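**Q** this one's structure only:
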């Protein structure tokens, strides 16, 4: 009994250290951020002190502007990403299952994939006019190819033995896709969703250069034109926090849907004991 | 592990010091760098650079093309540029936010207005009621459009629909394809649209504010203080280049086209002269303050800076005193 107590006591500082370790870097960064412009080491026009940014963030939040812009951007991100996912995931699976289709489309995908979202702006205006449509299109093209290539690669990596086993046991080709391929893809699709949503938030700045009047990207562009660096940083932090929240939600979802995968993770072999705890 | 973390924290603490020292070290080891935009109204800088006028005046100057107005200000803040030329509204916004800069001259007047499609048959500003107008938020095109609409008896917030875009070419495309019904734009885009047959210049903003300034010359306060003679020499060269460009619009247009790698020399030559625009260096009394007032009224800046904070006429006046 006393031995167990001693062991528990010896573990406590390690857990305490681990819990706080993640905040040390952030805290140090925040201190440097606050101190450097105040001490005249950095130009406040280029980097205002953290407290000034936080105060401005609160002002924008309390005034309702930040939430309005966030809602406008979130709607564009989710709608553009959903449209990309609805098209890219089935297409990626089809290309992964049918090599002839993959060969047919490889050149086109390789040609279009490197084009950055802002490069599509002139065409987006010509094709979709002004308002939300071109912005959604830019988010769509910014996430579509990443999702397509990710899904294609995941589909190609599905264990052929499992599919063969299903077919041998009398499953039709469609049933094998439904019962074996799609469940195998779930973890990778969730990872692709995390990557894709991150990309969609990156694209929203470019998307909101096009004829919109609300949105975090629009707010940041306007702020930059007027040298309101605080507002630019508020926009960046907001996007970061929303991205973090969305990612956290997807990680939890992944944990629930893919419990079976936890035992397979190699990271178990490398992670410190307290991290696993 | 403990040691590396400590090193990391020390490195983080020293990062801004290193950056600061880097900035100090960068504060001019080579030529005096002047940041200019890819625009018609920067013609005096292109002329001075091409004709070696800076070298003749005894100053080592590098004219650098910068793709964005705000980048010029940011580069001046970092010490990468000692001088710059940007639209007057960009300069006022930067100074209003505390940038240690002063307007020391201008580069030109006019050049911007409202472009519509010929087929729409619009004849005056009042006809814009209920229509969509493309502009660039918080730019000189936005400020002058806002003022022109007010002077025409229209409420910019209620009577028209503003569509904010990010560059001149996109606004022209949007107008040409009927996505918007007007654009607040500049030369030579507007005359180009007229020459192509589909565009019609509804008005120049000089109709509301004759001879309004478009781009200004900025000098960093530290540079102006430490290198007064160089600043004088650059401004004197600027005056000479403006005079030469006004006397030789065709040759100037060829130089501009060469720098911009866009447009046709005939088109540019046509748009460098009145009534479309006029290259100039003089600062007229109260004009910068008037623009700052318009920006304040539009809510783009919280408070218009005091005149002494915006403009330093001293170096230019000294040059003009010595000239006939």
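**A** In hand now; what should we look at? All of these numbers come straight from a predicted model, not from anything done at the bench.
**Q** contacts, neighbours, all on C-alpha from now
**A** Noted.
**Q** so, low pLDDT: which residues of the chain?
**A** As the question left the chain open, I've gone with chain A. A:1-19, A:260-277 (pLDDT under 70).
**Q** think we crossed wires, I meant chain B
**A** For chain B, applying pLDDT under 70 flags the ranges B:1-28, B:324.
**Q** assign residue A:248 to helix, strand or coil.
**A** helix (DSSP: H, G, I helix; E, B strand; the rest coil).
**Q** roughly how far does it sit from residue B:284?
**A** Taking CA to CA, to the nearest Å as the measure, residue A:248 falls 58 Å from residue B:284.
**Q** show the contacting residues for residue A:46.
**A** Neighbouring residues of residue A:46 by CA atoms under 8 Å, 6 or more residues apart in numbering or on different chains: A:229, B:74, B:77.
**Q** verify the stated contact: the first one with residue A:223.
**A** Yes: Residue A:229 lies in contact with residue A:223 (CA atoms under 8 Å); the separation is 6.7 Å.
**Q** count of residues packed around residue A:258?
**A** By other CA atoms under 10 Å in any protein chain shown, 15 other residues sit near residue A:258.
**Q** let me redo that: residue A:196
**A** Count around residue A:196 with other CA under 10 Å applied: 26.
**Q** same check, this time on the one 4 residues further on
**A** Other residues near residue A:200 number 29, with proximity taken as other CA under 10 Å.
**Q** list the contacts of it.
**A** A:77, A:80, A:81, A:139, A:140, A:142, A:143.
**Q** does chain A sit close to the helix or strand that contains residue B:183?
**A** Assigned by DSSP states H and E, residue B:183 belongs to strand B:182-186. No: with CA under 8 Å from any CA of the partner chain as the criterion, chain A is not reached by strand B:182-186; the gap is at least 12.2 Å.
**Q** who in the stretch 51-200 of chain B is up against chain A?
**A** By CA under 8 Å from any CA, the part of the stretch 51-200 of chain B that sits against chain A consists of B:70, B:74, B:77, B:90, B:93-94, B:97-99, B:137-139, B:163-166, B:170, B:173-174, B:177, B:179.
**Q** give me the nearest residue to residue B:231, chain neighbours excluded.
**A** Ranked by CA to CA, 6 or more residues apart in numbering or on different chains and with sequence neighbours excluded, the top spatial neighbour of residue B:231 is residue B:224, at 6.3 Å.
**Q** and if you look at residue A:113?
**A** Residue A:113 sits nearest to residue A:145 (CA to CA, 6+ apart), 5.7 Å away.
**Q** I'd say residue B:33 and residue B:80 touch.
**A** Yes: counting by CA under 8 Å, residue B:33 touches residue B:80, with 7.3 Å between them.
**Q** OK, contacts around the residue of the stretch 51-200 of chain A found nearest chain B?
**A** Across the stretch 51-200 of chain A, no residue is closer to chain B than residue A:129, which sits at 5.4 Å (CA to the nearest CA). Residues near residue A:129 by CA under 8 Å, 6+ apart: B:174, B:179.
**Q** spell out which helix or strand contains the nearest residue in space to residue B:139 that is not next to it in sequence, please.
**A** Spatially, and ignoring its direct neighbours in sequence, residue B:139 is nearest to residue B:89 (6.3 Å; CA to CA, 6+ apart). Element membership for residue B:89, per DSSP H and E: helix B:88-96.
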